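In: okay, here's the prediction I keep looking at, along with the sequence it came from:
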Amino acid sequence: MNRIVPLILAVALFMEQMDSTVIATSLPAIAHDLGVGPITLKLALTTYMVALAIFIPLSGWMADRFGAKRIFRLAMVVFIVGSILCAVSDSLIAFVVSRFIQGMGGAMMTPVARLVLVRSTSRSELVSAMATLTIPALVGPLAGPPLGGFITTYFSWHWIFLINVPVGILGYVLSAIYLPDVESAPPGPLDFKGFLLVAVAAAGTMFGLSVISLPALPPAIGFATTALGLLSGYLYLRHARRHPRPVLDLKLFEDSAFRAAAIGGTLFRISIGAVPFLMPLMLQLGFGFTPFESGLITFTGAIGAITTKFLARRVLSRTGFRTMLIVASITGAILTFVNGFFTPATPVVLISFVLLLAGFVRSFFFTSVNALSFADISDRDASKATSMSAVLQQMSLALGVAVAGTILEVETAITGTALQLRDFHIAFMIISVLTLAAVIPFLTMAKNAGAAVSGHRMAAREEVASVK
């Protein structure tokens, strides 16, 4: 496969990661200008993720129906437009709507990019391809916090969204030249009823969990929309069992490797969604740092993540998916728990070192779990697996933000005071318990699961042969 293809596809991941990290660092400044509280503004973060969860199920079908290359380029245009609208927003409503438009574009960009990669790569090269795809995308988290903090501190937060424009235009032009036209079988008619049920389930649940604790909205609205989302999810489960081609195919969970990756990855990503929301707020509100200072500290996690991409294939060939994911889950939970002990007296070097290790561990986890998801999936079902994996990913990230925000709101309601450093400590500790639960599905997974992709079985055979 042409090495420039994963680099072009990574432009989509770059924009999404840059966008999310820039906003997390600049939340207090944006909230102040829009006249709302920092916790209230988490609605904008959740709205983006809800839009992803709603439209991602369509990504696989649309890529098969209209061509992955065409959908990918269209999605980049929508994302750029949403970024410009975010930059000119002057109210909470305008900002939330603009974030939703961004989410519509992001819903097609990332899963379709991954689909092109999976269909263009042999299983034995999948780990390396996933790592190559992710390396440039990690420049986003690396540059996002310090750059976003610098712009917010010394200029205006409006400009942070305009970063996406030149990057998106470059990706759009290069994709027209180098992106291959991937062949696919006709997908059949769209499961429109299933799409509506999934959309209501995702939007209702994510929006409801987010607004239950919002001071601007009655809690009853949050409980009602959450209940509606859960009911729609139940109705979709019944619908999918009867429909011959459901928009999200539950039969994928019959594959043990995909099932473990989906469940374990979802639980682990709750932490990933919560930490980028909690850490900048704690550093700014609890430690008194500027957005730029907090960005310089949090960006170390991305450095740790980048280094693992050069080691992933070699380490997986020695350990296999099961061992790697168990160790990464436990270590990730411990490092999240440690965040609950940081105080203004904690040396910045120590905080940065912990975040560096956390980025290292999480990168290993996601490189492994993303490759494991497709280890035993046929090319025919690749688009279905891509859509399902992406939906679960965004739902879990949104849950992380919602859970973290709810914990902070409950703490302030109990104490009757504004946010205190102790509230952030408790939130980190609760999130770490959820992270630890990710280890459960991997404990039940076969030791040689996904060996054809990781190369673990082949490495073991080579060792035996060398002994003989």
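Out: Structure received.
In: show me what counts as buried in the strand or helix carrying residue 231.
Out: Per DSSP states H and E: residue 231 is located in helix 219-242. Within helix 219-242, the residues that count as buried by 16 or more other C-beta atoms under 10 Å are 222, 225, 226, 228, 229, 232, 233, 235, 236, 239, 240. C-beta: built from backbone N, CA, C; applies to glycine.
In: swap in stretch 86-102?
Out: Buried residues in stretch 86-102, defined by neighbour count with 16+ other C-beta under 10 Å: 86, 87, 89, 92, 95, 96, 97, 98, 99, 100, 101, 102.
In: where does pLDDT dip in the stretch 251-400 of the chain?
Out: When residues are selected by pLDDT under 70, those of the stretch 251-400 of the chain lie in 309.
In: just put the buried residues of helix 219-242 in TSV and tack on pLDDT.
Out: Converted to TSV, those look like this (pLDDT from 0 to 100):
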residue	pLDDT
222	81
225	89
226	87
228	94
229	91
232	94
233	92
235	96
236	94
239	94
240	91
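In: just name the closest of those residues to residue 455, please.
Out: Distances from the buried residues of helix 219-242 to residue 455 were compared by C-beta to C-beta; the smallest belongs to residue 240, at 34.3 Å.
In: which ones are touching the closest one?
Out: 194, 246, 248, 249, 250 (C-beta atoms under 8 Å, 6 or more residues apart in numbering).
In: number of nearby residues for the last one?
Out: A count of neighbours around residue 250, defined by other C-beta atoms under 10 Å, yields 13.
In: I figured it hits residue 239, correct?
Out: No - the criterion here is C-beta atoms under 8 Å, and residue 250 misses it with residue 239 at 10.1 Å.
In: pull up the overlap in contacts between the two.
Out: Taking C-beta under 8 Å, 6+ apart as the contact rule, residue 250 and residue 239 have no neighbour in common.
In: before we move on, back to that, which of the contacts of residue 240 sits closest to residue 156?
Out: Among the contacts of residue 240, residue 248 lies closest to residue 156 (C-beta to C-beta), at 40.6 Å.
In: ok, that closest one - how many residues close by?
Out: The burial count assigned to residue 248 is 21, neighbours taken as other C-beta under 10 Å.
In: helix, strand, or coil at it?
Out: Each residue gets one of three states, and residue 248 gets coil by DSSP: H, G, I helix; E, B strand; the rest coil.
In: let me see the contact set for it.
Out: With contact set as C-beta under 8 Å, 6+ apart, residue 248 has these partners: 57, 194, 198, 236, 240, 384, 387, 388, 391.
In: I figured the second one hits residue 243, correct?
Out: Yes - at 6.1 Å, residue 194 counts as touching residue 243 under the criterion of C-beta under 8 Å.
In: between these two, point out the one with more neighbours.
Out: Higher neighbour count among residue 194 and residue 243: residue 194, with 20 against 15, using other C-beta under 10 Å.
In: tell me the phi and psi of the more buried one?
Out: Residue 194 adopts backbone torsions of phi -60, psi -40, taken as degrees, to the nearest 10.
In: find me the pLDDT at it, would you?
Out: In this model, residue 194 is scored at 92, pLDDT.
In: and the gap between it and residue 385?
Out: Taking C-beta to C-beta, to the nearest Å as the measure, residue 194 falls 17 Å from residue 385.
In: one more: residue 295?
Out: According to C-beta to C-beta, residue 295 and residue 385 sit 35 Å apart.
In: quick one, which of those two is more surrounded?
Out: residue 295 (29 against 25).
In: was I right to think that one contacts residue 29?
Out: No - contact criterion C-beta under 8 Å: residue 295 and residue 29 do not qualify, at 11.7 Å.
In: can you show me the helices along the stretch 51-200 of the chain?
Out: For the stretch 51-200 of the chain, the helices defined by DSSP state H, counting those that start in this stretch cover 68-87, 92-119, 126-137, 139-154, 164-178, 192-211.
In: mean neighbour count, the ones you listed: which tops it?
Out: Mean neighbours per residue, mean count of other C-beta atoms under 10 Å, is largest over the helices of the stretch 51-200 of the chain for helix 92-119, with a mean of 24.
In: mind giving me the packing neighbours of it?
Out: Using 3 or more C-beta pairs under 8 Å, 6 or more residues apart in numbering; DSSP states H and E as the contact criterion, the secondary-structure elements in contact with helix 92-119 are helix 4-34, helix 42-66, helix 68-87, helix 126-137, helix 382-415.
In: after the last one, next one along is what?
Out: Going down the chain from helix 382-415, the next helix or strand is helix 421-436, by DSSP H and E.
In: what's that following helix in contact with?
Out: Identification of contacts with helix 421-436 by C-beta under 8 Å, 6+ apart yields 267-268, 270-271, 274-275, 278, 281-282, 286-287, 329-330, 332-334, 336-337, 339-344, 400, 403-404, 407-408, 411-412, 415.
In: same check on stretch 330-350?
Out: Contact partners of stretch 330-350, identified using C-beta under 8 Å, 6+ apart, comprise 268, 271, 275, 278-279, 282, 286-288, 297, 351, 354, 357-358, 361-362, 365, 421, 424-429, 431-433, 435-436, 438-439.
In: I'm done for today, thanks for sticking with me.
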